[in-house]
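Asks: Quick one: sequence and predicted model below, then my questions.
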Amino acid sequence: MRVAHPRRVVTNVAEGTPLLRLENVWVNYGGIKALKGISLDVFPGEIVAMIGANGAGKTTTLKSIAGLLPIASGTIHFCGKNIVGQSTEDLVFAGISLAPEGRAIFPNLTVRENLELGAYTHRDKNAMRETIDDMTRLFPRLGERMTQEGGTLSGGEQQMLAIARAVMARPRLLLLDEPSLGIAPKLVVQIFEAIGQIAAAGVTILVVEQNTRVALKSSRRAYVLRTGEIALSGESKVLADNPEIQAAYLG
C-alpha cells in the first residue's frame, strides 16, 4: 500500500527522535483553559492512543496539532521543526492529515469525488489513481460504492471514507478523532484492522478514542487525559492492567 510519501517529510528524523513532540502546550477557549501544559511524544511507526472522558482535551489536542486551533503557549514539533502558527493547508503538504470527529465528508459528492478531494496535494494524477486503488483494497466497501453519494453511506462506511480521504494525501502522520464513534461493533473491528494496515505501511498514527478497550488493544502506547492535563501515560498493555484505568474506563 503506497500511503507514506517521503517527498512530504519536512526534514529527516534521527533515530530515537519523536516524529511529533508537544511541549507544555496550553490552549484557551475564551477564559477556559482547555489544555494545561500538555507534553507528549509520538515516534515514527507508532500507533499512539489518547483516551479520557468527554471534555478532557483530546480533540483540542488533535486540532492544535493540525493547525485548526491556536495555542496560547508551548511548542509543537513535527519532524524536528516547530510548526506552531503554520496553516492547516501547509501542514497537510508537510505530511499531517486529520480524519475529524463526525467524519465531515461531503454528503452530496460521490465516494470517488470525496477521495479525489483528499488528494488535492497530488500533482501526479497516476499517484492519485494508485492511492484510490489502495484505499479500495483497504476498504472494499468503498470500492463497491464509488459512484454513490457520501451522504447515502452507513455510518461505518462514512467513517471508512473519512479515514481513506485523510490517507489520500499520503501523510507521514495521521490524526484520527473518534473513529469508532456511533459505529456497529463489527465495523469497528474492520476499521481498526485497516488502521493497523495503514500503520504497517509506514504511517505514524495518533488516535483519539473513547472506546478504551479497543484503543489500548490497537495501540503501542497511550496517554490518559483528564481536564486538559495528562494524568497517566505508558505502554498500552500496561495501562490496560492498571486498576485505575480498569475502574474508570474498562468497567
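Replies: Cool, got the structure.
Asks: Low-confidence ranges, the stretch 151-251 of the chain, go.
Replies: 251 (pLDDT under 70).
Asks: Now do the helices in it.
Replies: Along the stretch 151-251 of the chain, counting by DSSP state H, counting those that start in this stretch, helices occupy 155-167, 185-200, 212-218, 236-240, 243-245.
Asks: hey, which of those helices is tucked in deepest?
Replies: Highest mean neighbour count of the helices of the stretch 151-251 of the chain: helix 155-167, a mean of 23 (counted as mean count of other C-beta atoms under 10 Å). (Each C-beta comes from the backbone N, C-alpha and C, glycine too.)
Asks: sorry, back to before: looking at the helices of the stretch 151-251 of the chain, which is closest to K33?
Replies: Closest approach to K33 among the helices of the stretch 151-251 of the chain is made by helix 243-245 (23.6 Å; C-beta to C-beta).
Asks: Show me the strands in the chain, by range?
Replies: Listed in chain order, the strands found in the chain under DSSP state E are 20-29, 32-42, 47-51, 73-78, 81-82, 96-99, 173-177, 204-208, 221-226, 229-235.
Asks: What about S87, how many residues nearby?
Replies: For S87, the count of nearby residues is 11 (other C-beta atoms under 10 Å).
Asks: Thought G67 was touching it, still the case?
Replies: Yes. Applying C-beta atoms under 8 Å as the test, S87 and G67 come out as touching, 5.8 Å apart.
Asks: so can I have a markdown table of the helices of the stretch 151-251 of the chain showing distance to R123?
Replies: A markdown table is the format used below for the helices of the stretch 151-251 of the chain (distance: least, C-beta to C-beta, whole Å):
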| stretch | distance to R123 |
| --- | --- |
| helix 155-167 | 18 |
| helix 185-200 | 22 |
| helix 212-218 | 33 |
| helix 236-240 | 38 |
| helix 243-245 | 45 |
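Asks: hmm, who's touching stretch 241-249?
Replies: Stretch 241-249 is contacted by residues I51, T212, L216, V224, L232, L239, A240 when judged by C-beta atoms under 8 Å, 6 or more residues apart in numbering.
Asks: Tell me which residues touch the third one, please.
Replies: In this structure, L216 makes contact with A49, I51, A222, S236, K237, L239, A240, I245, judged by C-beta under 8 Å, 6+ apart.
Asks: Against A169, how distant is the fourth one?
Replies: In this structure, S236 lies at 27 Å from A169, with C-beta to C-beta, to the nearest Å as the measure.
Asks: if we can go back for a sec, of all the helices of the stretch 151-251 of the chain, which lies closest to I83?
Replies: Each of the helices of the stretch 151-251 of the chain has some distance to I83 by C-beta to C-beta; the shortest is helix 155-167, at 17.5 Å.
Asks: how about the nearest residue to F139, chain neighbours excluded?
Replies: The shortest distance from F139 to any non-neighbouring residue, by C-beta to C-beta, 6 or more residues apart in numbering, is to M160 (4.3 Å).
Asks: OK, contacts around that neighbour?
Replies: M160 touches F139, R141, L142, I191, A194, counting by C-beta under 8 Å, 6+ apart.
Asks: Of these, which pair is most distant in space?
Replies: Farthest-apart pair in the contacts of M160 is L142 and I191; separation 11.9 Å (C-beta to C-beta).
Asks: beta partners of Y223?
Replies: Beta-bridge partners for Y223, by DSSP bridges, are M50, S233.
Asks: Looks like L206 contacts D177 (just checking).
Replies: No. Here L206 lies out of contact with D177, judged by C-beta under 8 Å, at a distance of 9.6 Å.
Asks: Which residues are in contact with Q86?
Replies: By C-beta under 8 Å, 6+ apart, the residues touching Q86 are G67, A94.
Asks: Mind doing that once more with 6 Å?
Replies: G67 (C-beta atoms under 6 Å, 6 or more residues apart in numbering).
Asks: G196 now?
Replies: G196 makes contact with no residue under the criterion C-beta under 6 Å, 6+ apart.
Asks: Many thanks, we can stop here.
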